[in-house]
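**Student:** got a predicted model here, sequence first, then my questions.
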Amino acid sequence: MLKLIKYLSSYKILIIVVMVFAIASTVASIVGPKILGKATTKLFEGVLGKIAGTSTTIDFAYIENIIIQTLSLYLVSTLFGYIQGWIMSGVSMDITYRFRKDIAAKINRMPLKYFDGTNQGEVLSRVTNDVDTLSQTLNQSMTQIITSVVTVIGVLVMMFSISWMMTLVSLLIIPLSMVIVMLIVRQSQKYFKQQQDYLGHVNGHVEEMYGGHVVMKAFSGEARSVEKFDTYNNTLYSSAWKSQFLSGMMMPVMMFIGNLGYVAVSILGGYLAIKKTITIGDIQAFIQYVRSFTQPITQLANISNVLQQTAAAAERVFEFMNEDEEIPESSEPLTLQSVNGIVEFKNVRFGYNPEKIVIKNFSAVIHPGQKIAIVGPTGAGKTTIVKLLMRFYDINSGAILVDGHNINDFTRGDLRCLFGMVLQDAWLYNGTILENIRYGRMNASDEEVYAAAKAARVDHFVRTLSDGYNLVLNEETTNISQGQMQLLTIARAFLADPSILILDEATSSVDTRTEVLIQEAMDNLMRGRTSFIIAHRLSTIRNANLILVMNEGDIVEQGSHEELLAHGGFYAELYNSQFESALVN
Ligand SMILES: Nc1ncnc2c1ncn2[C@@H]1O[C@H](COP(=O)(O)OP(=O)(O)O)[C@@H](O)[C@H]1O
Ligand SMILES: [Mg+2]
């Protein structure tokens, strides 16, 4: 809450203005009954006078005056309330906007490590639900707190000014209403929380089943899925029912208690009026005050509920805002005009977490224009090396140099611009095929995109599609095959025309014939560029200048294909086992 208040401090002046208007508006409406009461008294006295025969007229000019006064008070109150609401909506929407913007900017500054360990839905829910909760509280509850507190105090003052005895009697109902409000809030809060939890479960379940519906169907999981959904939905139903019923009960119960007070005040008021210690108008005003006394108390009880939710939401938002960020860019980053493409790894040591070192001591020098193959069993650390080169993660010790400069001396953006990358899991987004290829270089012309697609051997396939290059890929890219996705990302890399090329099992989902075709195109692309190729099928990397054989995070052998075969070690074993299985097939 303190942090939230600090966040609000840049709106200090506006919030003070809001407070002033809210207080003014409330005070104006509180004074109303007391003044109006004078009119009633005058009217009553006039009528009494007529009956008793002591006077013949009722002072209508006085009454008219009073009514105009009251009317203008209520008008002022409404006007102030309106202005206050207008400013507060602006402030709270502005804060919401800033929160969302800050979170979005923060997401871009987070290291990849954070995303490895968090659920996408979690971050998403902070950007949407939690910020929404904050925005609603700011917009509604803040002014409600101010008006409720001012109303309670103001009404009390007015009541005491009329009659302390009647005030004390009506105050007797407060402890009673407090207890009942507390009982109801405690019960309903339990069900509110349950409702929120199960709403999350229902959402999560639907999302999971929607995303994975092929798997679910393949394993005949429909019945199980429906059963699970029913359990969640039933609990949601009963908790929502109870919470809504309980919170709906609050108003009638409070009305009843208010009415008890009303009866007590009426009896006492009648008695006092007979004893002539109080005027009729004051009784009327007092009864109005008693009526408007219980409502702000109920409101405050509800708000304390809302504030707890707000605190929880604010905590989740600020927790995210305080997460460790990427190491800041170097203060005087290097800019390179042209890059030769010398890459050097010097005793690189790295682990995704400190306890488990994945790369132990990796050293290698790659000369410009060389084609480097990295091979090794699954989990050896091949992809990790690539991620380190692109500085997706920072290494624990050692150094990675490009053209003799430590990669930490560049900005991350500049560094990544040097590389063109095609990954194992082809990343495409919701957009047309044309847009997806153009992501490699945003200012490329349509002709350049087509040329890149031709080079990646995907042009023919795209042209057989009904919408061709304008086919919209859906979010999960289920409308084209895995192999076709990879070809599109290869076309993207062709278009980007980078200094250093990285292909991480880029052709693993493509048939052998297409692979041979792409190989030719890629040999063209790689000519004169430093390139890293990670491939499963060792036959495709035979012509590499240097093959680094990795196992368990270290280079166990290196050399050319012929040298490594002649050496008869780990590589020869890998190669022969693939060659044999190819023969058997
Ligand atoms: N994001 C990650 N967080 C933690 N451990 C990871 C992560 N990515 C990979 N690893 C681990 O690092 C090791 C090397 O993985 P990787 O470089 O992807 O292997 P591969 O040679 O198959 O490409 C594996 O043991 C893997 O479990
Ligand atoms: Mg890999």
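**Tutor:** Sure, I can see it. Ligands and ions are numbered 1, 2, ... in the order given.
**Student:** avg pLDDT for the top helix by length along the chain?
**Tutor:** In the chain, taking DSSP state H as the definition, the longest helix is helix 222-274. Averaged over helix 222-274, pLDDT sits at 87.
**Student:** now do it: distance to the chain's middle.
**Tutor:** Between the centre of helix 222-274 and the centre of its chain there are 32 Å (C-alpha atoms, centre = their mean, to the nearest Å).
**Student:** what is it packed up against?
**Tutor:** helix 164-171, helix 173-211, helix 280-321 (3 or more C-beta pairs under 8 Å, 6 or more residues apart in numbering; DSSP states H and E). C-beta here means a position set from N, CA and C on the backbone, and glycine is covered the same way.
**Student:** most packed of the ones you listed?
**Tutor:** Comparing those by mean neighbour count (mean count of other C-beta atoms under 10 Å), helix 280-321 comes out on top with a mean of 19.
**Student:** and the helix or strand that that one is followed by, does that touch ligand 1?
**Tutor:** Next helix or strand after helix 280-321 toward the C-terminus (DSSP states H and E): strand 343-350. No. Counting by C-beta under 6 Å from any ligand atom, ligand 1 has no neighbours in strand 343-350; the shortest distance is 9.4 Å.
**Student:** ok, strand 343-350: who's next to it in the sheet?
**Tutor:** strand 359-366 (antiparallel), strand 397-402 (antiparallel) (DSSP bridges).
**Student:** buried ones in that strand, by neighbour count?
**Tutor:** Going by neighbour count (16 or more other C-beta atoms under 10 Å), the buried part of strand 343-350 is 343-346, 348, 350.
**Student:** TSV for the helices and strands packed on helix 222-274, including distance to ligand 1 and mean pLDDT?
**Tutor:** Formatted as TSV, the helices and strands packed on helix 222-274 follow (distance: least, C-beta to the nearest ligand atom, whole Å; pLDDT from 0 to 100):
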stretch	distance to ligand 1	mean pLDDT
helix 164-171	63	85
helix 173-211	21	80
helix 280-321	20	80
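**Student:** the ones you listed into a markdown table, with extra columns for distance to residue 513?
**Tutor:** Shown next, in a markdown table, are the helices and strands packed on helix 222-274 (distance: least, C-beta to C-beta, whole Å):
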| stretch | distance to residue 513 |
| --- | --- |
| helix 164-171 | 90 |
| helix 173-211 | 33 |
| helix 280-321 | 48 |
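**Student:** find the closest residue to ligand 1 in the stretch 201-350 of the chain.
**Tutor:** Nearest to ligand 1 in the stretch 201-350 of the chain, going by C-beta to the nearest ligand atom, is residue 350, at a distance of 9.4 Å.
**Student:** again with the stretch 51-200 of the chain
**Tutor:** Across the stretch 51-200 of the chain, the shortest distance to ligand 1 (C-beta to the nearest ligand atom) belongs to residue 116, at 4.0 Å.
**Student:** what residues are up against that residue?
**Tutor:** Residues in contact with residue 116 (C-beta atoms under 8 Å, 6 or more residues apart in numbering) are residue 352.
**Student:** any idea which helix or strand carries residue 493?
**Tutor:** helix 482-496.
**Student:** can you tell me what sits against that helix?
**Tutor:** Residues external to helix 482-496 that are found in contact with it (C-beta under 8 Å, 6+ apart): 420-423, 426-428, 433, 436-441, 444, 448-449, 452-453, 455-458, 461, 477, 480, 501, 503, 506-511, 514, 518, 521-522, 525.
**Student:** what subset of those is buried?
**Tutor:** 420-423, 426, 428, 433, 436-441, 444, 448-449, 452-453, 455-458, 461, 477, 480, 501, 503, 506-507, 509-510, 514, 518, 521-522, 525.
**Student:** pretty sure residue 40 is touching residue 287, no?
**Tutor:** No. Assessed by C-beta atoms under 8 Å, residue 40 is found out of contact with residue 287, at 10.9 Å.
**Student:** determine the set of other helices and strands touching the helix or strand where residue 75 lies.
**Tutor:** Using DSSP H and E, residue 75 falls within helix 60-109. Contacting helix 60-109 under the criterion 3+ C-beta pairs under 8 Å, 6+ apart are the following elements: helix 12-52, helix 131-136, helix 142-162, helix 280-321.
**Student:** show me what the second one is in contact with.
**Tutor:** Residues outside helix 131-136 that contact it (C-beta under 8 Å, 6+ apart) are 4, 92-93, 95-96, 99-100, 103, 309-310, 313-314, 317.
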